[in-house]
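Student: Take a look and give me a structure for this.
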Amino acid sequence: MREGESYLAYEGDEIRGAAVWLAPGSDWRFGEDSSFTEHFSEEMQQWYKHHFIPKYEDLYISAGTESARLRKDAWKLQFLGVLPDHRGKGVWKLLLESVQRKADSEHRKVLAEVSSPTYVQKYYSLGYTYRSVKNFSSPRHAGFPIWLLVREPDSGKPRHS
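Tutor: Numbers count the residues shown, from 1 in each chain. Next up, the predicted model:
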């Protein structure tokens, strides 16, 4: 990882989940990183460059802020996954709370890009708020939404669900 942190959740010596975060001050501009797309087909490279990247930037712009600044000023969740047999057991929340506490102590926001309506509701329950949603489409596959959710630094006051 270039500029971030990775967390693993274990039960005994077995991994149950993982989270990967970009730290404040960093912004992986994956659209500008040729090593990320070099193995894509030509069609996929064109889709990525002409559809995904502009739509992704618009996700942040439509949130009412300059996209790179919002991403650089916050902790940004890049990946969070829990093994299917261990979902619903608190692993997901534990992996989020590790960085949320750090963000609170630094008075920084936490960003999450979410593609499942079920998980949007879970993030809401942890104090994240909706900022934007964009639908991404592809000529060969069904489209998918991405919601941009933001959690403000916790002031120590109780949250209301």
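
Student: got a list of what Leu77 touches?
Tutor: 19-21, 96, 99, 110-113 (CB atoms under 8 Å, 6 or more residues apart in numbering). For glycine as for every other residue, the C-beta is placed from the backbone atoms N, C-alpha and C.

Student: repeat that with 6 Å
Tutor: Contacts for Leu77 (CB atoms under 6 Å, 6 or more residues apart in numbering) come out as 21, 112.

Student: Which helix runs longest in the protein?
Tutor: With secondary structure taken from DSSP state H, the chain has its longest helix at helix 91-106.

Student: Okay, and the closest residue to Leu111 other than its chain neighbours sits in which element?
Tutor: Residue nearest to Leu111 in three dimensions, not counting chain neighbours: Lys76, with 4.5 Å by CB to CB, 6 or more residues apart in numbering. Assigned by DSSP states H and E, Lys76 falls within strand 75-82.

Student: for Ala18, same thing?
Tutor: Here Ala18 is assigned to strand 14-22, by DSSP H and E.

Student: Val133 too?
Tutor: Per DSSP H and E: strand 128-136 holds Val133.

Student: contact partners of that strand?
Tutor: By CB under 6 Å, 6+ apart, strand 128-136 touches 55, 59, 62-63, 143-151.

Student: Cool, thanks, signing off.
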